[in-house]
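Give me a 3D structure for the following:
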Amino acid sequence: MNKKYRIITLIFILIISTSLFYFIETSKRNAPEVVLFRVLDNDKIPIVDADCKADISSNKLLIEDKSLKEIENIYEYIQGIHVEGKDSQKGFYELETELKDEKEFEIRIVCSSPDNKHIGYTILNNTNIPCEIKESGRILIC
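Got it, this is the predicted structure:
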């Protein structure tokens, strides 16, 4: 009887350990392949022709001052998206991160308006992603 109890206890510990390991590994977010960043002024009006640059780093990759590409119309870029406000389709910029299945990463995005009156930035990493996730985690909208 004592031997059966030990075997059952061992199996139970193995199941709990495996489940815990699986939960920890799957809860980590992979790096996004594409980040869409929206640039707004103080009155929440989209800024077009902004100068946006990003620094991207991970264990395998380091890219500095990568330019973001302006998206003319977000509704043509992503189907089924809803954006509030005046000129809701404008002010979006695309960053292709070149990150593939990275668990630890950091993306720093800095944008300035054409007249340099408005400057915005955000930092994204594996523990801080203040963005909306689209297309199964492939695209982030910030």
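
From residue 54, how far out is residue 44?
23 Å (Cβ to Cβ, to the nearest Å). Placement of C-beta: from N, CA and C, glycine included.

Just want to know which of the two has more residues nearby.
Each of residue 44 and residue 54 had its neighbours counted (other Cβ atoms under 10 Å), and the higher figure belongs to residue 54 (24 against 10).

and the more buried one, what does it touch?
Residues near residue 54 by Cβ atoms under 8 Å, 6 or more residues apart in numbering: 35, 63, 65, 66, 68, 95, 97, 107, 108, 109, 110.

What's the ChimeraX syntax to select whichever of the residues you listed are buried?
If you want just the buried ones from these in ChimeraX, going by 16 or more other Cβ atoms under 10 Å, the selection is:
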select :35,66,68,95,97,107,109,110
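
Just the closest of the contacts of residue 54 to residue 89, please.
Closest to residue 89 out of the contacts of residue 54 is residue 68 (16.7 Å), distances taken as Cβ to Cβ.

Residue 60: neighbouring residues, count only.
By other Cβ under 10 Å, the residues close to residue 60 number 11.
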